[in-house]
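A.B. asks: predicted model and sequence below, questions to follow.
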Amino acid sequence: MNAIYLSGTGNSKHAATLLLNCLDPDGRAVPIESEDALAVLESEELIIAYPTQFSNIPYMVREFINKHGDSWKGKKVFLITTMGLFSGDGTGCAARLLRKYGAVITGGLQIKMPDSVCDCKALKKTAEQNNGIIKEADRRITEAAKLMKEGKYPQEGLSVFAHLAGLFGQRLWFYNKTTGYTDKLKIDTARCIGCGLCANNCPAQNLKIVDGKPVASDHCTMCYRCISKCPKQAITLLGKEVYEQASYERYANELS
Ligand SMILES: Cc1cc2nc3c(=O)[nH]c(=O)nc-3n(C[C@H](O)[C@H](O)[C@H](O)COP(=O)(O)O)c2cc1C
């Protein structure tokens with residue numbers, strides 16, 4: 001078994017890696033943007049992990065699934081979505097798409113993790129709260145792995161009820177946010193020191209350094225990685241100001 005993940009701030013990477021380590025320590029967990037993802041795609045059994053975005057799949061994940069449509073026939077796929085608060089059918093969205101290509105969805109897990117939207121004050125939590133959320137996430141993932149080893153695969157987000165919850169809870173009102181990449185990334189060039197971290201880390205190659213400063217194109221998948229890594233907090237997307245940069249590693253290590 002192998003895993004492919006999209007992860008802006010490290011949550012989905014951690015969830016995929018932990019589950020895979022519990023189930024198959026020899027398996028590989030690779031980022032969706034890497035060349036390795038294509039090699040891993042060949043495996044018969046896969047974990048696919050990504051952050052919930054407006055109760056939907058990030059566009060980059062949707063594009064990856066569609067682009068490699070021929071690869072899914074008969075493949076066993078277990079889906080993990082991580083979320084800040086509410087997912088509805090975060091796993092179900094990918095499950096329905098993958099089934100169209102003939103994939104066999106073995107199950108789904110929807111895991112609450114620290115929120116990655118770091119330019120929205122309302123979503124900010126204390127270090128203690130985030131650390132507690134991570135510990136609970138780890139407990140749930142290891143518990144799920146135990147069940148999966150017994151052949152009992154969790155089915156979170158895959159029911160009709162979850163579908164309705166995702167649809168009416170969020171997706172209907174925010175559907176247009178995830179139907180494509182966005183061009184809404186904002187860079188405060190006066191604050192920017194031209195370090196290039198944003199461009200070097202963007203999974204969608206949406207940023208280029210031109211004359212020493214980053215320039216954003218229209219290919220942002222809203223993962224918040226550049227926003228969370230910028231040393232000058234010069235990048236925003238949904239909000240106007242960065243309140244706290246999100247990072248799984250920092251939340252996990254801060255109080256542990
Ligand atoms: C653009 C955007 C939309 C999001 N929408 C939701 C949502 O609908 N429900 C939710 O619970 N969390 C939502 N989140 C939070 C992320 O899903 C959550 O923090 C996730 O664990 C981030 O994972 P990552 O570090 O792997 O990118 C959203 C985050 C972003 C950036």
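C.D. replies: Looks like it came in fine.
A.B. asks: I'd like the next helix or strand past the longest helix seen in the chain.
C.D. replies: What stands out as the longest helix in the chain, according to DSSP state H, is helix 127-149. Per DSSP states H and E, the first helix or strand lying C-terminal to helix 127-149 is helix 160-166.
A.B. asks: mind saving the C-alpha coords of that following helix as CSV?
C.D. replies: Output in CSV follows, covering the C-alpha atoms of helix 160-166 (Å, rounded to 0.1, in the frame of the first residue of the first chain):
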residue,chain,number,x,y,z
VAL,A,160,-26.1,9.6,1.6
PHE,A,161,-26.5,11.5,4.9
ALA,A,162,-22.9,12.8,4.7
HIS,A,163,-23.5,13.8,1.0
LEU,A,164,-26.5,15.9,2.0
ALA,A,165,-24.7,17.4,5.0
GLY,A,166,-21.8,18.5,2.7
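A.B. asks: which element follows it toward the C-terminus?
C.D. replies: The first helix or strand that comes after helix 160-166 along the chain, using DSSP H and E, is helix 172-174.
A.B. asks: show the average pLDDT along that following helix.
C.D. replies: Taken as a whole, helix 172-174 has an average pLDDT of 87.
A.B. asks: list the contacts of the following helix or strand past that helix.
C.D. replies: Beyond helix 172-174 on the C-terminal side, the first helix or strand identified by DSSP H and E is strand 186-187. Identification of contacts with strand 186-187 by C-beta atoms under 8 Å, 6 or more residues apart in numbering yields C198, K213, P214, V215, A216, A234, I235, T236, L237. To be clear about C-beta, it is placed using only N, CA and C from the backbone, and glycine gets the same treatment.
A.B. asks: how close does the last one get to F174?
C.D. replies: Between L237 and F174 the distance, using C-beta to C-beta, to the nearest Å, works out to 14 Å.
A.B. asks: and for the fifth one?
C.D. replies: If you measure A216 against F174 using C-beta to C-beta, the figure is 21 Å.
A.B. asks: so for these two, which sits in the more crowded spot?
C.D. replies: A216 (21 against 12; other C-beta atoms under 10 Å).
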